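> sequence and predicted structure, then a few things I'm wondering about:
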Amino acid sequence: MKGKIGAILLALVMVFGLIGAVVCLERVPAGYVGVVYNMNGGVDGEILTQGWHLVSPTKKVTTYSIGIEQSYLTAEEKGDSKDDESFSIPTSDGKTVRVNLEFSYRFDEARVANTFVTFKGKSGESIKDTFIKPKVIAWTQEVSANYPVTDIFGDKRTAINAELDTYLREKFDQYGIIIDTVNFTDISVDAETAAAIQKKVTAQQELELANIEAQTAKVQAEKEREVALIQAQKDKEAAEIQAETDIIEANAAADVVRIAAEAEAAANQKIAASLTPALIEKIKYEQWNGVTPKVTSSGGSIISMDGLN
């Protein structure tokens, strides 16, 4: 009986051994793809997605992250930065600046087979440590060398960060590596440089304040000028209206006088036309009181007019 059991167990071991010699199970984690290659280093051409896969024991699988991976180059221990990985960058004015930097990346799924060949079968993690991080440092230094320390440490930091982002994307793209984000998280300089930067910032702020005050004064003066011009125009228009009113009133008064004079003249003409000699005599007769007029001579005597009739 024991002999039969032993024979069965031996048979099972041989069967499973034979299966194991034919296939092996390989697991590709979520967010990764696997490049299958032959033991001699040749790429099989098959790209494995996440999950378990049966792979020939004569083949191997190297995985690459196609999900976003966050990486750190910082002084403190953070994420994959276990030691002080902060680094110095040069400036165009001969200074050096110490920076901490974070970036995120991923491998282009459509080009992982080429990436495998380019980096001679290295895993994604190995490529990050031996290529991506050193190149991020080197290419950051290339960008920083175009700017003075006051720009890097000061108000152009955001613009420089954006330029670095574009530069790293272009540089890594040829290797099938996609840079998603890159950011300076800390920038430090020596005390002397910090004082010089602060002096420049203060001077810039004072200049901006002076410009604002000058612009405000200019705007106020322009506003007052516009108000004065508007008031002068109003005064001019009011004076013109008053002058026209005075002329109209004067003309109207003259017309009244003229019309009255003309009316009186017309009336007098009518009266004169109606006074005939006979009418005049009649009026004189009606107005006579019956007393003969007396005339005083030059000698003082009164001459009677009664005898003249």
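Arrived safely.
> going by C-alpha atoms from here, please, whenever you check contacts or count neighbours.
Fine.
> ranges for the strands of the stretch 101-250 of the chain?
177-188 (DSSP state E, counting those that start in this stretch).
> where along the stretch 151-300 of the chain do the helices fall?
Using DSSP state H, counting those that start in this stretch, the helices of the stretch 151-300 of the chain run over 157-173, 191-274, 277-287.
> can you put these in a markdown table and add mean pLDDT, distance to G94 and mean neighbour count?
Putting the helices of the stretch 151-300 of the chain into a markdown table (pLDDT from 0 to 100; distance: least, Cα to Cα, whole Å; neighbours: other Cα atoms under 10 Å) gives the following:
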| stretch | mean pLDDT | distance to G94 | mean neighbour count |
| --- | --- | --- | --- |
| helix 157-173 | 96 | 17 | 16 |
| helix 191-274 | 83 | 11 | 12 |
| helix 277-287 | 75 | 130 | 11 |
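> what sits against K135?
By Cα atoms under 8 Å, 6 or more residues apart in numbering, K135 lies in contact with nothing.
> domains of the chain?
The chain breaks down into these structural domains: 2-64, 66-189 (assignment by automatic domain parsing).
> who wins for proximity to K200 among those?
Nearest to K200 among the domains of the chain is domain 66-189 (7.9 Å), distances taken as Cα to Cα.
> and that closest one, how far from the chain's centre?
29 Å (Cα atoms, centre = their mean, to the nearest Å).
> remind me which residues of the stretch 1-150 of the chain are low pLDDT?
Counting by pLDDT under 70, the stretch 1-150 of the chain contains low-confidence residues at 1-23, 40-41, 44-45.
> kindly recompute the last result at 90.
Scanning the stretch 1-150 of the chain for pLDDT under 90 picks out the ranges 1-26, 28-51, 53-62, 79-83, 95, 116-117, 120-121, 150.
> tell me where it has helices.
2-22, 112-118, 124-127, 133-144, 149-153.
> buried sites along the third one?
Neighbour-count burial for helix 124-127, counted by 16 or more other Cα atoms under 10 Å, picks out G124, I127.
> residues contacting it, please?
Contacts for helix 124-127 (Cα under 8 Å, 6+ apart): T63, Y64, S65, F119.
> which pair of those residues spans the longest distance?
Maximum distance among those (Cα to Cα): 14.8 Å, for S65 and F119.
> higher neighbour count, these two?
S65 (21 against 14; other Cα atoms under 10 Å).
> what is that one paired to in the beta sheet?
Note on S65: beta-bridge partners Y32, judged by DSSP bridges.
> what is the neighbour count of L48?
19.
> give me every residue that touches the closest residue to it other than its chain neighbours.
In space, L48 comes closest to G34 once its chain neighbours are excluded; the distance is 4.7 Å by Cα to Cα, 6 or more residues apart in numbering. G34 sits next to V28, I47, L48, T49, Q50, V61, T62, T63, Y64 when contact means Cα under 8 Å, 6+ apart.
> quick check on the residues you listed: which are buried?
Looks like the contacts of G34 have V28, I47, L48, T49, V61, T62, T63, Y64 buried, using 16+ other Cα under 10 Å.
> now do the contacts for the residue nearest to the fourth one when sequence neighbours are not counted.
Meaning T49. Nearest-residue entry for T49: V33, 4.8 Å, with adjacent residues in sequence omitted and distances by Cα to Cα, 6+ apart. Contact analysis of V33 by Cα under 8 Å, 6+ apart lists I47, L48, T49, Q50, T63, Y64, S65, I66, E109.
> my guess is the third one meets V35, correct?
I take that to be T49. No: in this structure, T49 is not within contact of V35 by Cα atoms under 8 Å, at 9.3 Å.
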